[in-house]
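Enquirer: next one to model:
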Amino acid sequence: MYIKEVLFRWPKEESCTYYEEIEALKNTDQLVLNDSVTFFVGENGAGKSTLLEAIAIAYGFNPEGGSLDHNFSSRNTHSSLYKQLLLSKSFQHAKDGFFLRAESFYNFATEIDDIYEGIIPSLHEESHGESFLSMVQDRFGGKGLYILDEPEAALSPQRQLTLLCEINRLVKSKSQFIIATHSPILLAFPDALIYSFDGSSVLPISYEETEAYQITKLFIENKDYFLGKLLD
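Expert: Here you go, the predicted model:
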């Protein structure tokens, strides 16, 4: 693991930063990352993307995404949570890495076009999902740390299965993934570590305990009942 542990160094004095009001975060002192693939799950606003972003910035990634050598900025919106984190790193250094933010992927694609105009095909010439998968397949080289925030936002269910295959390929090439997701397809990756942000602190749970799995399964098995209740 390139990142083995995330330690929270909360200030002793009273403060009013919004992330200290996020229930799961303020009651968590450390997260152990002891698997090649770690998922963050939870309801919107639970803090999973906030922490994912902070880990990426603390490691050295650009807040808007990209690899470690990208340093573009269109708008400063990231929190200061990264200043409260201490990352316990392996003696092995990642040879590759990428931080994906679904909402800023367009800005990243534009930056790549500006840098490599006429050298490589434009990511804007493909659909959002196609360009994201092309980047994973062509740009992610293995032996890397890949931090992905809701990658399923751009992908159909079939393409999410393709992404599972790519994650497996990269894990076999000594890579580590930290992923925030709502996708029951991605969460099914074998032996992945899943942290839930829905309780009073961040805790590990099983795949079957995730809300994404439970609600999807319940809806598919009782579609007519749910639609009748919801749309009546």
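
Enquirer: the closest residue to residue 209 other than its chain neighbours: neighbouring residues, count only.
Expert: Of all residues not flanking residue 209 in the chain, residue 196 sits nearest, at 7.5 Å (C-beta to C-beta, 6 or more residues apart in numbering). Yep, even glycine has a C-beta here, placed from its N, CA and C like the rest. Using other C-beta atoms under 10 Å, residue 196 is surrounded by 22 other residues.

Enquirer: so what's residue 196 up against?
Expert: By C-beta atoms under 8 Å, 6 or more residues apart in numbering, the contact set of residue 196 is 41, 42, 202, 203, 204, 205, 209, 210.

Enquirer: one more pass at 6 Å, please.
Expert: With contacts defined as C-beta atoms under 6 Å, 6 or more residues apart in numbering, residue 196 is in contact with 41, 42, 203, 205.

Enquirer: any idea of the pLDDT on residue 45?
Expert: With respect to pLDDT, residue 45 has a value of 88.

Enquirer: where's it relative to residue 96, distance?
Expert: Going from residue 45 to residue 96 by C-beta to C-beta, to the nearest Å gives 32 Å.

Enquirer: okay, now residue 224: neighbour count?
Expert: 7.

Enquirer: helix, strand, or coil at it?
Expert: Following DSSP: H, G, I helix; E, B strand; the rest coil, the label given to residue 224 is helix.

Enquirer: only alpha carbons, please: show the stretch of helix or strand residue 38 belongs to as CSV.
Expert: Using DSSP states H and E, residue 38 maps to strand 37-41. Extracted in CSV, the C-alpha atoms of strand 37-41 (Å, rounded to 0.1, in the frame of the first residue of the first chain):
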residue,chain,number,x,y,z
VAL,A,37,-8.9,-1.4,-3.2
THR,A,38,-10.7,0.8,-0.6
PHE,A,39,-14.2,2.2,-1.1
PHE,A,40,-15.8,5.1,0.7
VAL,A,41,-19.6,4.8,0.8
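
Enquirer: for the very next helix or strand once past it, the distance to its chain's centre please.
Expert: Sequence-wise, the next helix or strand downstream of strand 37-41 (DSSP H and E) is helix 48-59. Centroid separation for helix 48-59 versus its chain: 9 Å, with C-alpha atoms, centre = their mean, to the nearest Å.
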